[in-house]
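**Q** Got a predicted structure plus its sequence, pasted below:
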Amino acid sequence: MIIKLTSNDINYIEQIFNLEKEIFKSSAFNKSYLDTLIKGNNSFIYVYLIENKVCGYLIILDSIDVYEILAIATIEKYRNKGIAQELLDKIKTKDIFLEVRESNQTAINFYKKNNFKEISIRKNYYSEPTENAIIMKLEVNVNNE
């Protein structure tokens, strides 16, 4: 089941924080930033729940005419089962931007499968290890079939 978190769903933030640390290591969002995002007017979080546990999540900034994906992740046990796809499908209503590590070929392939295009490179964007970010964009008003 996918739900869009509200400020009343603060109990899920701890689960997301723990998954962030596990999946993204040193690039993980800190808990106070996640608390800010769940309470924000221009950000939102979708979670995929199995037995009331967060198995995947999507964190978005909403900038009026575009979305920016800040994070999308699935716990290892549930990868390749369509969870990230279901989460992404929830927001395909306007153009979407994101950054992805140049070495994260699995994510890049997932985004390309969803018709994202590489539009730019941010040099040395990530740390630990230092790495370029590929900026990708999905234009939803274009026939993406």
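**A** Perfect, thanks for sending it. Numbering: from 1, shown residues only.

**Q** Let me see the contact set for E102.
**A** 121, 131-134 (CB atoms under 8 Å, 6 or more residues apart in numbering). Where C-beta positions appear, they are placed from N, C-alpha and C, glycine not excepted.

**Q** In CSV, list these along with neighbour count and pLDDT.
**A** Formatted as CSV, those follow (neighbours: other CB atoms under 10 Å; pLDDT from 0 to 100):
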residue, neighbour count, pLDDT
I121, 12, 98
E131, 17, 94
N132, 16, 96
A133, 18, 96
I134, 22, 98
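
**Q** Tell me the one of these nearest F29?
**A** Using CB to CB, A133 is the member of the contacts of E102 that lies nearest F29, at 15.7 Å.

**Q** Now do the contacts for that closest one.
**A** 99-102, 121-122, 125-126.

**Q** got it, and S7?
**A** 38-39.

**Q** in this structure, which ranges drop under the pLDDT threshold?
**A** 142-145 (pLDDT under 70).

**Q** Would you mind measuring from the closest residue in space to I75 that isn't next to it in sequence to Q15?
**A** Using CB to CB, 6 or more residues apart in numbering and skipping residues adjacent in sequence, the residue nearest I75 is C55, 5.4 Å away. To Q15, C55 is 9 Å away according to CB to CB, to the nearest Å.

**Q** What of R122?
**A** Taking CB to CB, one finds R122 at 29 Å from Q15.

**Q** Likewise for K123?
**A** Counting by CB to CB - K123 and Q15 are separated by 34 Å.

**Q** now the contacts of E102 in TSV, with secondary structure and distance to K90?
**A** TSV is the format used below for the contacts of E102 (DSSP: H, G, I helix; E, B strand; the rest coil; distance: CB to CB, whole Å):
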residue	secondary structure	distance to K90
I121	strand	28
E131	strand	28
N132	strand	29
A133	strand	24
I134	strand	23
